[in-house]
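here's a sequence, model it:
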Amino acid sequence: MNLAYCDKIADVVRKALLKYDPDNIIGLIQPIQWDLDKNGAFMSTKKTIEMCDMNGKEYVITIAEK
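Numbering: from 1, shown residues only. A predicted model of the protein is given here:
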């Protein structure tokens, strides 16, 4: 079994978004969200990052194993 690095990749992506935005189009970036069921139990290694641009348009970045 090979390890999955979804946590680390999501962290690197989020930090890069916070640090590098020369055109100033990135707005609010939410914390990394885990893939949990309604009771808070772990479902998968998938991580999501919700964010918006300077106009308030919302986006979601998903990091998941293939």
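
pick out the residue closest to the middle of the chain.
Nearest to the geometric centre of the chain sits Ile49, at 2.4 Å (Cα atoms, centre = their mean).

ok, now how distant is the nearest residue to Ala64 once chain neighbours are set aside from Tyr20?
Distance criterion Cβ to Cβ, 6 or more residues apart in numbering; nearest residue to Ala64, sequence neighbours excluded, is Lys46 at 4.1 Å. All C-beta atoms are positioned from the backbone trio N, CA, C, and that covers glycine. Computed as Cβ to Cβ, to the nearest Å, the Lys46 to Tyr20 distance reads 24 Å.

also Met1?
Taken as Cβ to Cβ, the span from Met1 to Tyr20 is 34 Å.

who has more neighbours, the two?
Tyr20 (8 against 3; other Cβ atoms under 10 Å).

contacts made by the helix or strand Met51 falls within with the rest, please.
Assigned by DSSP states H and E, Met51 belongs to strand 42-53. The contact list for strand 42-53, computed with Cβ atoms under 8 Å, 6 or more residues apart in numbering, reads 4, 6-7, 9-10, 13-14, 17, 25-30, 32-37, 58-65.

report the buried members of those.
Applying 16 or more other Cβ atoms under 10 Å to the contacts of strand 42-53, the neighbour count classes 6, 10, 13-14, 29, 32, 34, 63 as buried.

what residues of the strand holding Met51 count as buried?
Under 16+ other Cβ under 10 Å, the buried positions of strand 42-53 are 45, 47, 49, 51.

in contact with Trp34, which residues?
Trp34 touches 42, 47, counting by Cβ under 8 Å, 6+ apart.

quick check, it in a strand?
Yes - counting by DSSP: H, G, I helix; E, B strand; the rest coil, Trp34 falls inside a strand.

same question for the one helix or strand Thr62 maps to, mean pLDDT?
For Thr62, the enclosing helix or strand under DSSP H and E is strand 58-63. When pLDDT is averaged over strand 58-63, the result is 98.
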